[in-house]
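Trainee: need a structure here:
(2 chains)
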Amino acid sequence: MWRYIGRKSVIYMLTFVIAVTINWMIPRFMPGDPVRSMLSRASVSDPAALERMNNYYNEIFGLDTPLYEQYLSFWAGLFRGDLGVSIMLYPKPVTDVIMGAIPYTLALLLPAILLSWIVGNRFGAFAARSKILDNSILPVGYILTATPYMWLALLLAWSVGIVAGLLPASGGYSFSLRPDFSWVFISDLILHWILPFLSMFLVALGGWAIGMRNMIIYELEADYSNYLQALGAPRRLIRRYAFRNAMLPQITGLAVQLGTIIAGSLLTEIVFNYPGLGSLILDSINNNDFFLLQGIFLFVVVGVLIANFIIDIVYVLIDPRTRVQMTGGAA
Amino acid sequence: MTNVAGAPGADKAEPTVGGERRFAETLHFARRNPKLLIGLGIVLGFFLLGLIGPLFVDHDPNEYVGPQSQPPNGEFWLGTTSFGQDIWAQFVYGVRSTFLIGFFGGGVAFLVGTAVGFVAGYKGGWVDDVLNMLTNVVLVLPAMVVLIVAIAYLDARGVLIQGIFIGLTTWPWAARAVRSQTLSLATRDYVDLARLSGRRTWRIITSELAPNMSSYLVMTSILLFGGAVLTAAGLDFIGLGPTNGVSLGLMLENAVQWSALQLGLWWWFIPPGLGITVIVSSLYILNVGLDEVFNPKLREL
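Mentor: I've put the predicted structure just below:
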């Protein structure tokens, strides 16, 4: 078990190093001069100001020093927690800006991922090999996974939020309120949370249901299922065994799908104007705030790595084969 | 669907009696599988729409041609935007670019993924270790976020560049799947024979390994195609789409940016999203149909 976790940790460390390297490389090796394009889009006309800004950015990127020195100082800055200063919200440091947005993103992501996974697995297991359910849930599941996150979000925002006027369709809380720990604010927060959550939940749900349904069908074809059936075991029992075996690939699937779901949450936030990382990404792109954009990139990568690590540990704990190894096989 | 037809085509290079019978059997089940027929029908329909539709549009899709904010009517089938752009024109061009990005993005991902998977699975040893490590690293990196950062720095963007970038970030799961299939095939006797007879690695891969998992490769390419379409739509929606281009994702972005939601211009944002959803879900359902045709265990009795 420790070997398994050790191997995985090596991969995660490597991924982190590569992500940081990508982050460092992109502005330096992409065609074109990042400093000039940033300045030209900011459209500064005064030549003296342009010169000053040019020097400032050159200094921040450290473009005058040799490459390896730039690379090392980039890492050094990272360990100090220094991701630069946001251009859009000058002079706020990038780390602070991101920290303010992360609670909103997590509040959407975690419930959407976990609930869709649980409910989707139940649905899928239930639908497998029962003709009527299979023929209705399967197409619905495929349509849901094929739906672009932002489109379902748009449909919900428009139908429930604007036409029916049932729930707020924009923002994380009403403009009239200030964030505090009052009941009014929290209920307002929850009302604004429902629609974005629902739209992410629905899109993610389809994929899990389909995955589980397919896994169960494969498990029901396996020898142990046929054997149990031949012994005359009740259908429920066979299904329960199939479900437990099908869980393991679904947990791995959770790790694989994580990137897609995060991308989905970013898109959903943009539609609902929800004050999380997604809206921040959109703002930073529109304002050419590359420091902020790269900071968000690093935060998301670190989040994905932590989540992957947790999933690995859960997998090890759940998989009976590794569990037996842990207790020395005495059980 | 050139890359889909390409994989089983390798099968026909050396026709044998067994191969022909298998092909006939596959065709027999394929013609009776409603999922495959419906999925294929819809995908082909949209493909033709994207191919032919723009020929009947005699103006630039982004041109301001009509009255503003018109609901769908006889002249403008899907209505107009708040600038007076013809949404039907944008839609057919958008469908075309959806297929383009699917072919490019899915194609690049398919090439990289299968190449890595075959080589890793067949070569084994340290080659496998290195490639597997690479696959796992790219798998963990959230593709969309990497794409956002990379593409944000590009000044001029086109469908081709977008496709290459999408392909380079979305291949890992395909590589994993192909690798595990290759591992199970690589120890078969006929592969050993081919190796003993001194054939080159890539010949063994293309003539012994690939044909025996052609059905698997076809399905992988379809899923990669669908994935590329969805990823591209997301990028377009954030505003990282092709510069001055037309795509379904860009239509959604414009609709949101110019507050079609608040103005109630539902004909602006429903068609593009619906188009993507229908194309991709038909691809997925087509894939299930193929799975049932190729895999006897899944056939409904």
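Trainee: What separation do you get for A:Asp312 and A:Leu298?
Mentor: 21 Å (CB to CB, to the nearest Å). Any C-beta I mention is one placed from the backbone N, CA and C, and that applies to glycine too.
Trainee: taking the mean pLDDT, what do you get for stretch B:181-193?
Mentor: Per-residue pLDDT over stretch B:181-193 has a mean of 84.
Trainee: just stretch A:254-271 next, same as before
Mentor: Averaging pLDDT along stretch A:254-271 gives 88.
Trainee: Please apply the same query to stretch A:234-249.
Mentor: On average, stretch A:234-249 scores 87.
Trainee: Can you tell me the closest non-neighbouring residue to the residue nearest the centre of chain B?
Mentor: Chain B has B:Phe225 as the residue nearest its centroid, 0.9 Å off, counting by CA atoms, centre = their mean. Closest residue to B:Phe225 apart from its sequence neighbours, by CB to CB, 6 or more residues apart in numbering or on different chains: B:Gly106 at 3.6 Å.
Trainee: chain center to the host helix or strand of B:Leu235, what's the gap?
Mentor: Remark: B:Leu235 resides in helix B:214-235, with elements defined by DSSP states H and E. In terms of CA atoms, centre = their mean, to the nearest Å, the centre of helix B:214-235 is set 3 Å apart from its chain centre.
Trainee: and if you look at stretch B:277-285?
Mentor: 10 Å.
Trainee: Which residues does it contact?
Mentor: A:139, A:142-143, A:145-148, A:151, B:35, B:38-40, B:42-43, B:46, B:95, B:98, B:222-223, B:225-226, B:229-230 (CB atoms under 8 Å, 6 or more residues apart in numbering or on different chains).
Trainee: Could you do stretch B:33-43 as well?
Mentor: Contact with stretch B:33-43 is made by B:1, B:30-31, B:278-279, B:282-290, B:292-293, as judged by CB under 8 Å, 6+ apart.
Trainee: shaky segments in the chain?
Mentor: No chain in the question, so chain A it is. Counting by pLDDT under 70, chain A shows low-confidence ranges at A:1, A:29-46, A:58, A:60-64, A:90, A:322-331.
Trainee: actually it's chain B I care about, not the one you picked
Mentor: B:1-20, B:297-301.
Trainee: need the next SSE after the helix of greatest length in it, C-terminal direction.
Mentor: When chain B is parsed with DSSP state H, its longest helix is helix B:87-123. Downstream of helix B:87-123, the next assigned helix or strand under DSSP H and E is helix B:125-140.
Trainee: Say whether chain A is contacted by that next one.
Mentor: Yes. On the criterion CB under 8 Å from any CB of the partner chain, helix B:125-140 is in touch with chain A at B:Met133, B:Asn136, B:Val137, B:Leu139, B:Val140.
Trainee: what packs against that helix?
Mentor: helix A:2-29, helix A:235-272, helix A:290-318, helix B:87-123, helix B:172-186 (3 or more CB pairs under 8 Å, 6 or more residues apart in numbering or on different chains; DSSP states H and E).
Trainee: Direction-wise, compare the longest one with helix B:125-140 and give the angle.
Mentor: Spelled out, that is helix A:235-272. 60 degrees (axes from the mean of the first three to the mean of the last three CA atoms, to 10 degrees).
Trainee: tell me which residues of helix A:235-272 are tucked away?
Mentor: A:238-239, A:241-243, A:245-247, A:249-250, A:253-272 (16 or more other CB atoms under 10 Å in any protein chain shown).
Trainee: out of the contacts of stretch B:277-285, which are buried?
Mentor: Applying 16+ other CB under 10 Å to the contacts of stretch B:277-285, the neighbour count classes A:139, A:142-143, A:145-148, A:151, B:35, B:39-40, B:42-43, B:46, B:95, B:98, B:222-223, B:225-226, B:229-230 as buried.
Trainee: ok so, going back, got the helices and strands packed on helix B:125-140 as TSV, with distance to A:Gly81 columns?
Mentor: Putting those into TSV (distance: least, CB to CB, whole Å) gives the following:
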stretch	distance to A:Gly81
helix A:2-29	14
helix A:235-272	22
helix A:290-318	11
helix B:87-123	35
helix B:172-186	30
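Trainee: just so I know, which of those helices lies nearest A:Val119?
Mentor: helix A:235-272 (12.5 Å; CB to CB).
Trainee: Can you point out the buried residues in the next helix or strand after that closest one?
Mentor: Downstream of helix A:235-272, the next assigned helix or strand under DSSP H and E is helix A:277-286. Neighbour counts over helix A:277-286 (16+ other CB under 10 Å) mark A:Leu277, A:Gly278, A:Ser279, A:Leu280, A:Ile281, A:Leu282, A:Asp283, A:Ser284, A:Ile285 as buried.
Trainee: so which of the residues you listed also contact chain B?
Mentor: Okay, of these touching chain B (CB under 8 Å from any CB), that's A:Ile281, A:Leu282, A:Ile285.
Trainee: Near chain A, which residues of the stretch 201-301 of chain B? Just list them.
Mentor: B:226, B:230-231, B:233-234, B:237-240, B:249, B:252, B:255-256, B:261-262, B:264, B:266, B:269-270, B:272-274, B:276-281, B:283-285, B:288, B:297-298.
Trainee: Going through these, which ones are buried?
Mentor: By 16+ other CB under 10 Å, those give B:226, B:230-231, B:233-234, B:237-240, B:249, B:252, B:255-256, B:261, B:266, B:269-270, B:272-273, B:276-281, B:283-285, B:288 as buried.
Trainee: Just the ones of those residues in helices?
Mentor: Of the positions in these, B:226, B:230-231, B:233-234, B:249, B:252, B:255-256, B:261, B:266, B:269-270, B:272-273, B:276-281, B:283-285, B:288 sit in helices, assigned by DSSP H.
Trainee: who are the neighbours in contact with the residue nearest the centre of chain A?
Mentor: Nearest to the mean C-alpha position of chain A, by CA atoms, centre = their mean, lies A:Ile262 at 2.1 Å. Listed by CB under 8 Å, 6+ apart, the contact set of A:Ile262 reads A:Leu109, A:Val300, A:Gly303, A:Val304, B:Pro142, B:Met144, B:Val145.
Trainee: could the buried residues of helix A:277-286 be laid out in CSV, adding distance to B:Asp58?
Mentor: Shown next, in CSV, are the buried residues of helix A:277-286 (distance: CB to CB, whole Å):
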residue, distance to B:Asp58
A:Leu277, 43
A:Gly278, 39
A:Ser279, 39
A:Leu280, 42
A:Ile281, 38
A:Leu282, 35
A:Asp283, 39
A:Ser284, 40
A:Ile285, 34
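Trainee: Greatest separation within these: which pair is it?
Mentor: Pairwise over these, using CB to CB, the maximum falls at A:Leu277 and A:Ile285, 12.4 Å.
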